[in-house]
Structure formats: structure tokens, C-alpha cells
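Chemist: below are the sequence and a predicted model; questions follow.
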Amino acid sequence: MVFVIQQQSTTSNMKTIIHRSNERGHANHGWLNAKHSFSFASWYDPSKIHFGALRVLNDDEVAAGMGFGKHPHDNMEIITLVQEGALEHKDSMGNGSVMRANDVQVMSAGSGVFHSEMNHSKDEAVKLFQIWVFPNKGNVTPRYDQRTYLPEGRNNTWQEIIKPEIQAEGDGIFIHQQAWFNLADLSSGQTLPYTIHQNGNGLYLFVIDGEVTVDGTKIGKRDAIGITEATTVNITATANARLLAIDVPMIELH
């Protein structure tokens, strides 16, 4: 597979695509209730394959005591954000951990890795986002990292949770891609600008909760807006909102 970066024009108007919550794919397997922002497993929408390097954004609820058994991945950057409950991770690199709300996990599958993700609780469901990003280099040595990002660090401001490898400098969690992830808890009435990090990147803004307007477009809980050919985007909360901003190269797949 070859990736080609789409260059942004500094003179074009901002372009947007809206992904409404109720238009996502849905699969209820009993133990797993999943919503898919992009085509995944048995759900396929040719207009929703990827947004640049962003390939998967799954909104999963896993029943108590259940989970994803041991399975393989390769050449993908896998990011997990737990929203409620506790998720137990084990992998073929020897890592084992339990993630809870405010924890961020990255696994660079690289040349190949096996892992499992199980609900740590026997009584309560666990809710999480799992996100896949195409890497900018293939067959890297698999790696794992996990950090906690407290909510006081994102009150009406962007809290950077993931950055590219070359900018990590030992103080942050990173992936093998020129991509940045930020969280924000935005109070009603507040406006928060987001500046896209580099030419050729787009912004995929996912509303975890609440409601905002972006360039006059209202998006609510679990809606998303993809933005290209822009430099700075102004986001205004019309109700208290929790936001996830994913800033990725606008690659084409060939």
C-alpha cells in the first residue's frame, strides 16, 4: 500500500465533511456493542473508509467479564482511550496493565504483535474508543506505552495526549505518524481555536459529549467534522462539551 500526502492550499476555503452519530455503523454482538465511524468488519460504507491517515474510530461498550481475546495486528498505530470502567491489556511483548478513564494507551503494531483487551470488571461494562492510524514507516519494532492525562489539564484548553515520535523528547506518548491528538473540556459559551500543525494535515473533530459549532455548523454528541484546507478552526461550545481533536496527514490510499 502506498500513501500519498494531499497538500493543502493556503488560498482555498476550508472544506468540511460531517459524520453524524446516527449514521455510524452499528454492530451489537451481545458482549460487544460497537459504533464505527469508518468502515470496519462487516460494516462497509465506501464514503467512510478513512480520513487521511485516520483509519478507525470505534466507540465500543464491552460487557462485564468479556473482551477481545488474543489476536494479531501489524503496521498500524493503535490508540485506546477508556471512557468508563476498566480495560485489561496483555500483549506478546510482555506488557500487562489495567486502563481506566483518563488513561491513554498506544501500541505500535509494527512488524507484528498479539494482544488481548478484556473488561477487567465482572460486574460493569467498560466503554472505550479504539482508534487506528496508518503509520509513516513500516515494520517497526512493536512498542507499547500508556499514560494518564488528568482532566484539570484540559479545562477550556487543548491537552496534547499524542504527538509524532520526533517531537516526543521523552515527555509524551507518541506514534509513528505526523499526527497529534488533543482533548478539551469546553464550557458552554467558550470559544477555543485549533491550529492545524502542518501543511497537508486535516482535523477530525469528534464530540465525545455536549454540543459545539464549527464554522457555523452545529455538531453534537458523537458527531464528527472533518476539516481540510484550513489553518485555524474556531470551535464554540453551545453546551458543555468534551472534544477529541485528531490532526493527521491527508494521505490517499493506493
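Modeler: Sure thing, it's come through.
Chemist: how about the nearest residue to G153, chain neighbours excluded?
Modeler: Once flanking residues are discounted, G153 sits nearest to Q159: 4.7 Å by CB to CB, 6 or more residues apart in numbering. From N, CA and C alone the C-beta is placed, and that goes for glycine too.
Chemist: touching, that neighbour and N182? I think so.
Modeler: Yes: here Q159 reaches N182: they are 6.1 Å apart, a contact under CB atoms under 8 Å.
Chemist: looking at those two, which is more packed in?
Modeler: Using other CB atoms under 10 Å, the more surrounded residue of Q159 and N182 is N182, with 21 against 17.
Chemist: for the stretch 1-150 of the chain, what are the low-confidence residue spans?
Modeler: Scanning the stretch 1-150 of the chain for pLDDT under 70 picks out 1-12.
Chemist: hey, what's the residue nearest to G153 bridged with?
Modeler: Legend: beta-bridge partners of Q159 under DSSP bridges are L183.
Chemist: then the one 4 residues further on?
Modeler: Beta-bridge partners of K163, counted by DSSP bridges, are F174.
Chemist: that older thread, please name the residues that touch the residue nearest to G153.
Modeler: Q159 makes contacts with 149, 153, 182-184, as judged by CB atoms under 8 Å, 6 or more residues apart in numbering.
Chemist: tell me the most packed of the residues you listed, by neighbour count.
Modeler: That'd be A184 among the contacts of Q159, by other CB under 10 Å, with 24 neighbours.
Chemist: how close does that residue sit to W158?
Modeler: 5 Å (CB to CB, to the nearest Å).
Chemist: mutual contacts of those two, please.
Modeler: Taking CB under 8 Å, 6+ apart as the criterion, A184 and W158 both touch 192, 245.
Chemist: so where do the helices sit in the stretch 51-200 of the chain?
Modeler: Under the criterion DSSP state H, counting those that start in this stretch, helices of the stretch 51-200 of the chain are mapped to 165-168.
Chemist: which residues in it form strands?
Modeler: For the stretch 51-200 of the chain, the strands defined by DSSP state E, counting those that start in this stretch occupy 54-62, 67-73, 77-84, 86-91, 96-100, 103-108, 113-119, 126-133, 143-148, 159-164, 174-175, 180-186, 191-195.
Chemist: winner for burial among these?
Modeler: strand 174-175 (a mean of 24; mean count of other CB atoms under 10 Å).
Chemist: CA-only coordinates of stretch 24-41 in CSV, if you can.
Modeler: Taking Å, rounded to 0.1, in the frame of the first residue of the first chain, the C-alpha atoms of stretch 24-41 are listed here in CSV:
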residue,chain,number,x,y,z
ARG,A,24,-22.2,5.4,12.1
GLY,A,25,-22.0,1.7,11.6
HIS,A,26,-23.5,-0.4,14.4
ALA,A,27,-22.8,-3.9,15.5
ASN,A,28,-24.3,-5.5,18.6
HIS,A,29,-22.8,-8.8,19.4
GLY,A,30,-24.3,-9.1,22.8
TRP,A,31,-20.9,-9.0,24.6
LEU,A,32,-19.8,-6.0,22.4
ASN,A,33,-21.9,-3.0,21.4
ALA,A,34,-19.9,-1.1,18.8
LYS,A,35,-20.3,2.0,16.7
HIS,A,36,-18.0,2.5,13.8
SER,A,37,-17.1,6.0,12.4
PHE,A,38,-15.3,4.3,9.5
SER,A,39,-15.9,1.0,7.6
PHE,A,40,-15.0,-1.8,9.9
ALA,A,41,-15.5,-5.6,10.0
